[in-house]
Structure formats: structure tokens, C-alpha cells
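Novice: my questions are about this predicted structure, shown below with the sequence.
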Amino acid sequence: MRILLVGINYAPDLIGVAKYNAELCESLVAEGHEVRVITAPPYYPAWKIPPAFKSSYFRSVAIEGVRVTRTPIYVPGHPTGAKRLVHHASFALTSAPSVLLDALSWRPDVMIAVAPSLMSAAFVSFVARRVGAKSWLHVQDFEVDAAFDLGLLRNPSLRKWMLRAETGILKSFDRVSTISRAMVERLRIKGLDPDRTIEVRNWIDTNTICPGSRMTKYRRDLMLDQMDIVALYSGTMSNKQGLEFVIEAAIALEASHPHIHFILAGEGPHKAKLEQLASGHRNIHFLGLQPVDSFNQLMATADFHLIPQKAEAADLVLPSKLGAIFASARPVIAMAEEGTGLAAEVTDAGLVIPPGDAVALALAICQLSEAPALREHYGEEGRRRALDRWDRGAIVHRWSEAMAGQGNATAQKDPHIEGAAGEFALPVEDAVRSS
């Protein structure tokens, strides 16, 4: 099967959507498919294009068996809401010729668009219809909702217009998938027929990310010993994470609980502001984006992990870091409203507290720091969930089957699968649970 994926993020970026796009394509190649990608140069989360990629536009190179073509893109140094719109529009414009050329000359069987960016997705579905390819949109986050709910854009008329455009784009695809049950429900609220929606969660390599000793090189480098408790955040440092609440909780606990240390690892547009807020506090440590071969050690360094979140971000995205946290057999403290997808995922594998509440975060940190047996219990449950629900090989294989039109027989045989009939019918997450 020939598969063309169009997405703004791809390797060698290490985190976020780029990681999943690259792993999906490489896994599909391993399954025997031919895969091509049209993408932008790497820029995330630093929002800066490395010099080596500025002269390689429209050139195709093979990366792990995938033919990758990169197109120019505008990357703002300080991404405001308006600049992000221009950023996404630039990729939609520059990627269009390559999409059209590959579609006409190569004739893919399936054309996949990944949101973000929704702007470039519209052209993918348009071209797919003209060349007889099936179109598939995979929604990693609801970028229109996020932009307005988080205050990046504020104009009510613009929001109304963008939501109307979003609905039109969503309905133009043969199949629309997203990464959690709550996000699937949001697709249906936006007017999509349930028969055309499907859950395909992000995954984790449970062989690479696995339980390990707490006493890692990171503890040695930071001069932390066995008695110190580490609360870890690893990921992007941007507006929607609400990392200022972690800083506030850390400052509140510094004098009364000096053995509790906070590690924030990653990059992003808000990192400098966070470092300024934490200046002078010895229990707060910042690390850069860590290499892949050290990531398991970083995850094992934690006694528990933190997923802070603003209330406005609820069910706009399911944090992809959750799978790695569970796979590392460490508990998590997550900010989430009851009834949201994140709360459902974390319950019984960690603590769920109200979003935006630094006091509740500090109390939850104290609770877990003083309960090693509870931490172990939550960690074991998280590892079980990682193996059951987040395994990369099983999820990608089911997705491959669905795209190849082989999902019907599987769905009919398995009474635990609740999904649509039709060529692409296969609710992947349920299939993983039952496998």
C-alpha cells in the first residue's frame, strides 16, 4: 500500500507530534508499505530552524526507509497567536505543490494529514478525492479551540469563522481519528458522523521505556541522594502546560520540605520566564531536552511525575507524555477536571487534582512523597496500563490494518470492539486493550 503523510512536524525533532509522525511512518514501512512524507524543517520546541536544514527545501531524502520532502516555513522566534496563524499558513502554501506532485505522479492509496496543521489538511482531502485516494485526518490537538480557549486569539468573529472552516475540513475526510475517547466525543460534538470517527491513541515503546533504578546519572549530577524526593516534569514548556503552578508549589514547599526537588526538563517559548520565576530557589532544577538514549534514565529519576494543566486545555489534547510515565512505572499527579479524558486515564495510577490550583498540587506532592507503598502501587498499575493500552507495535499494526481495509473482519470477531462498519472500521484503542 502507498501512503502519503502530510504533517508540519517530523524527525529529527524529538518530542510532540514529530515523534509520533516519524514512528508511525517507520512502523508502516516495517509492515511492508511504501511511505512518503511532506513536512517542514525541524523547529520545535525551540522555534528555530537549524542552519543545516535551510538549504534543503524540496529535496527528498530517505530516513529509515521513508522518503521525506521538506518545504519552507515561517517560524516566529516568539510565537503569538497571530504569528502562529501565519506559521501554519506558510506550510499550507509551500507544501501544496509537493502534495499535488506526489499525488499525481505516485498515486498513493491513502493520504494522511496530521493536525496540527489543519490549514494544510484541507488541500490533502481535496487532492485525495481527485486522485482516488482514501483521505485520513489524524487530530493530535484541537488547535482552533486551543488558540481561543488559552487566549492566544481573542476575536469572536474570527473564532466563529475558524470553527466553521474547521468543521468543513473535518467533514471532507473519509476518516478522522484522534488520540483519546474524550477527543473523539469532541469530534462528534463538532458534527462528525460517529461512523467516521476513530480513536488512535499515541503510543510508547514499552521495551525502551521500562522500570529502572531511581539512582541515575541525573541524581548524581544534581547531587541528590536516596532520601531526596524528585517530582519531574518532562516536555514542552509553553503556555498551555501551566508550569507556573509547579514553580509556585515548589517555592511553597522549599522551607518545610527541603528534601523534595523539582526537575523541569525540556524546551519551549516559556522556559526563560519559568527560569526567572524560579531564580534563587535551590529545590528547582532545569534541564534541556534530553537525548533519546538517556530518556529512560530521566523518567526513572522521578519518584513521581507532574502533568500541570490549565483548565482551558481540558480535552483539547491528551498529553503524550502520559504513556511514557506509565511505562516507567512511576505515579503521576495530573491537573484535570473530573470527567475529562486525562482524569479517566490517571485515576488509580496517580492523583488527580483541580487544574490551576498550586495549593492542591503542593498537598498532593506532600501526600505522595510520604507514601512509598502508594507510589509503588500506582507505579505498578501505570506499567500495566502502558502494556495494555499504549504499546506501539499493537497500535500501529491495527492502524495499518484499518488503512488497508482489513479491519471489518477483526471488528466483527471481537465483541469488545465498539466501532463503525465500513472500509476503515477499527476502533484501535479497544482492539489494543483486547489483544
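Specialist: Cool, the structure landed.

Novice: which helices and strands does the longest helix anywhere in the chain pack with?
Specialist: Using DSSP state H to assign secondary structure, the helix with the most residues in the chain is helix 81-106. The criterion is 3 or more Cβ pairs under 8 Å, 6 or more residues apart in numbering; DSSP states H and E, and the helices and strands that helix 81-106 contacts are strand 2-6, strand 34-39, helix 118-131, helix 143-149. Where C-beta positions appear, they are placed from N, C-alpha and C, glycine not excepted.

Novice: turn those into JSON lines, including mean neighbour count.
Specialist: As requested, the helices and strands packed on helix 81-106 are arranged in JSON lines below (neighbours: other Cβ atoms under 10 Å):
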{"stretch": "strand 2-6", "mean neighbour count": "24"}
{"stretch": "strand 34-39", "mean neighbour count": "24"}
{"stretch": "helix 118-131", "mean neighbour count": "21"}
{"stretch": "helix 143-149", "mean neighbour count": "20"}
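
Novice: which stretches of the stretch 101-250 of the chain form helices?
Specialist: Listed in chain order, the helices of the stretch 101-250 of the chain (DSSP state H, counting those that start in this stretch) span 118-131, 143-149, 156-171, 181-189, 217-221, 244-253.

Novice: relative to Leu374, which of the ones you listed is closest?
Specialist: With Cβ to Cβ as the measure, helix 244-253 is the member of these nearest Leu374 (18.4 Å).

Novice: quick one: mean pLDDT for the helix or strand following the closest one?
Specialist: Helices and strands here follow DSSP states H and E; after helix 244-253, the next one along the chain is strand 260-265. Mean pLDDT, computed over strand 260-265, is 98.

Novice: where does the stretch 151-300 of the chain dip in pLDDT?
Specialist: Counting by pLDDT under 70, the stretch 151-300 of the chain has no low-confidence residues at all.

Novice: pLDDT score for Ala431?
Specialist: At Ala431 the predicted local confidence, pLDDT, stands at 34.

Novice: so can I have a markdown table of the helices and strands packed on helix 81-106 showing mean pLDDT and distance to Leu306?
Specialist: Converted to a markdown table, those look like this (pLDDT from 0 to 100; distance: least, Cβ to Cβ, whole Å):
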| stretch | mean pLDDT | distance to Leu306 |
| --- | --- | --- |
| strand 2-6 | 97 | 32 |
| strand 34-39 | 97 | 31 |
| helix 118-131 | 95 | 29 |
| helix 143-149 | 79 | 20 |
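
Novice: would you turn the ones you listed into TSV with distance to Thr236?
Specialist: As requested, the helices and strands packed on helix 81-106 are arranged in TSV below (distance: least, Cβ to Cβ, whole Å):
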stretch	distance to Thr236
strand 2-6	22
strand 34-39	18
helix 118-131	19
helix 143-149	13
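
Novice: Asn202 is nearest to which of those?
Specialist: For the helices and strands packed on helix 81-106, distance to Asn202 was read as Cβ to Cβ. The smallest value, 15.3 Å, belongs to strand 2-6.

Novice: what separates the closest one from the chain centre, distance-wise?
Specialist: Remark: strand 2-6 is offset 20 Å from the chain centroid, using Cα atoms, centre = their mean, to the nearest Å.

Novice: hmm, who's touching it?
Specialist: Contacting residues not belonging to strand 2-6 are listed as 21, 24-25, 28, 33-39, 95, 99, 102-103, 106-114, 120-121, 124, 133, 403 [Cβ atoms under 8 Å, 6 or more residues apart in numbering].

Novice: can I get whichever helix or strand comes after it in CSV, CA atoms only?
Specialist: Sequence order places helix 17-30 as the next helix or strand after strand 2-6, per DSSP H and E. What follows is helix 17-30 as a C-alpha-only set of coordinates in CSV (Å, rounded to 0.1, in the frame of the first residue of the first chain):
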residue,chain,number,x,y,z
VAL,A,17,3.8,15.3,17.2
ALA,A,18,7.1,14.9,15.3
LYS,A,19,7.9,11.8,17.3
TYR,A,20,4.6,10.1,16.5
ASN,A,21,4.6,11.0,12.9
ALA,A,22,8.1,9.6,12.4
GLU,A,23,7.4,6.4,14.4
LEU,A,24,4.2,5.8,12.6
CYS,A,25,5.8,6.1,9.2
GLU,A,26,8.8,3.9,10.1
SER,A,27,6.5,1.3,11.6
LEU,A,28,4.3,1.3,8.4
VAL,A,29,7.5,0.7,6.3
ALA,A,30,8.4,-2.2,8.6
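
Novice: tell me the bridge partners for Ile229.
Specialist: The residues paired with Ile229 through beta bridges, assigned by DSSP bridges, are Ile260.

Novice: quick one: contacts for it?
Specialist: Counting by Cβ under 8 Å, 6+ apart, Ile229 touches 259-261, 303, 369.

Novice: which of the residues you listed are buried, as a ChimeraX select command?
Specialist: Here is the ChimeraX command that selects the buried residues among those (16 or more other Cβ atoms under 10 Å):
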select :260,261,303,369
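
Novice: of the contacts of Ile229, closest to Lys54?
Specialist: Distance from Lys54 was checked for each of the contacts of Ile229 by Cβ to Cβ. The minimum falls on His261, at 39.4 Å.

Novice: let me see the contact set for the closest one.
Specialist: Applying Cβ under 8 Å, 6+ apart, we find His261 in contact with 222, 224, 228-231, 283-285.

Novice: state the distance from it to Ser294.
Specialist: Look at His261 and Ser294: by Cβ to Cβ, to the nearest Å, they are 18 Å apart.

Novice: how close does the residue nearest to Met227 when sequence neighbours are not counted sit to Val35?
Specialist: Closest residue to Met227 in three dimensions, ignoring its sequence neighbours and counting by Cβ to Cβ, 6 or more residues apart in numbering: His259, at 6.0 Å. Applying Cβ to Cβ, one obtains 49 Å for the distance of His259 from Val35.
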